[in-house]
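Visitor: this is a predicted model, with the sequence first.
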Amino acid sequence: MFNLIELKNLKDINDALILSETHVVVIDCYTSWCGPCKMLTPKLDKLQLNYDKTNTKVQCYKLNLEENDEIKKWADENKVESVPTIFIYKKGTDVSRVEGANIDKIEKEINEKLNTNK
């Protein structure tokens, strides 16, 4: 069982952005056919579990870009050009983006955001 929450629509995305006022929010944009995306999921899940165990204010989400037209439009508006693309939000703002399944880079970006006030 995964600890990642699946975002299904714009309301879910907006709720995640509200949470980013108090947490670092990670949104993993993926597609069902993407091999690197499938390899990244258990790594992100493990990362989320580690943050949960230490009560660190991080929440990771999954966003299937094929889910529906409003998700596709959101991806276009946010210039998602490849998958996986990981957005990291803090205080309601997109503060970082990582393209590719590099879990070390993703974790570094998250930890940097945890240690800054911006």
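Guide: Yep, that arrived. If you're wondering where the values come from, they're calculated on a predicted model, not measured in any experiment.
Visitor: which helix of the protein spans the most residues?
Guide: Longest helix in the chain, counting residues (DSSP state H): helix 35-53.
Visitor: per-residue confidence for the most centrally placed residue in the chain?
Guide: With distances taken as CA atoms, centre = their mean, the residue of the chain nearest its centroid is Ile27 (1.6 Å). Looking at Ile27, its pLDDT is 98.
Visitor: list the helices and strands the lowest-mean-pLDDT helix or strand in the chain packs on?
Guide: Within the chain, no helix or strand scores below strand 93-99, which has a mean of 93 by mean pLDDT, DSSP states H and E. Contacts defined by 3 or more CB pairs under 8 Å, 6 or more residues apart in numbering; DSSP states H and E place strand 93-99 against strand 85-90, helix 103-114. The C-beta positions use only the backbone N, C-alpha and C, and glycine is treated the same way.
Visitor: dump these to JSON lines, plus mean neighbour count.
Guide: Converted to JSON lines, the helices and strands packed on strand 93-99 look like this (neighbours: other CB atoms under 10 Å):
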{"stretch": "strand 85-90", "mean neighbour count": "22"}
{"stretch": "helix 103-114", "mean neighbour count": "16"}
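Visitor: and stretch 30-40, how far from the chain's centre?
Guide: Distance, stretch centre to chain centre, for stretch 30-40: 13 Å (CA atoms, centre = their mean, to the nearest Å).
Visitor: list the buried ones in stretch 8-17?
Guide: 12-13, 16-17 (16 or more other CB atoms under 10 Å).
Visitor: pull out the buried positions in the least confident helix or strand of the chain.
Guide: 95-96, 98.
Visitor: can you put these in CSV and add distance to Glu81?
Guide: Shown next, in CSV, are the buried residues of strand 93-99 (distance: CB to CB, whole Å):
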residue, distance to Glu81
Val95, 19
Ser96, 16
Val98, 13
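Visitor: good, we can wrap up now.
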